[in-house]
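Undergrad: 3D, please:
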Amino acid sequence: MAKITYIEHNGTAHEVEVKTGMTVMEGARDNGIPGIEADCGGACACSTCHVYVDAAWIDKLPPKDPMEEDMLDFAYEPDPARSRLTCQLKVSDALDGLVVQMPERQI
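TA: Below is the predicted model of the structure:
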C-alpha cells in the first residue's frame, strides 16, 4: 500500500491508500476522487487522467513512454516536466507519499 495525495484544482486534498500493483488512476477512481475522469479506463487512449506531479516526485517516477508523451499532447495545459497520465503510474512502495494535483479540467 502507498499513501497518495490527490489535490483538486481548488486545493482540496484527498489522502488515500492505494494497493500495490494498481495504478494511480485506479486509486482515484476507486476512492471517488473528483478531477480524474479516466474515460478510456486506463488504456492510455485519452488524457482524462492527467495530473501535475509534485516537483519533489518528478525524478522518482519512471520515465514517460512514447505513448504517454503522445497522449499528453491532448491534455489540458500540459506541463513538460510535471504532467503525467495516472493510468501509466503503477503503485509500489516507492510511491508512498506521492502528491499529484489535478488540472482545472480534463479534455
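Undergrad: For burial, what's the neighbour tally of the nearest residue to A94 once chain neighbours are set aside?
TA: Take A94 and drop its neighbours on the chain: the residue closest to it by Cβ to Cβ, 6 or more residues apart in numbering is K60, 7.0 Å away. (Each C-beta comes from the backbone N, C-alpha and C, glycine too.) By other Cβ atoms under 10 Å, the residues close to K60 number 12.
Undergrad: How much space separates K60 from L95?
TA: 8 Å (Cβ to Cβ, to the nearest Å).
Undergrad: Quick one: the strands in this protein, in order.
TA: 2-7, 13-18, 50-53, 83-85, 99-101 (DSSP state E).
Undergrad: Buried residues in the third one, which are they?
TA: By neighbour count, with 16 or more other Cβ atoms under 10 Å as the criterion, the buried positions of strand 50-53 are 50-53.
Undergrad: burial of the residue nearest to V16 when sequence neighbours are not counted, as a residue count?
TA: In this structure, V16 finds its nearest non-sequential neighbour in N31, 4.5 Å apart by Cβ to Cβ, 6+ apart. Using other Cβ under 10 Å, N31 has 14 neighbouring residues.
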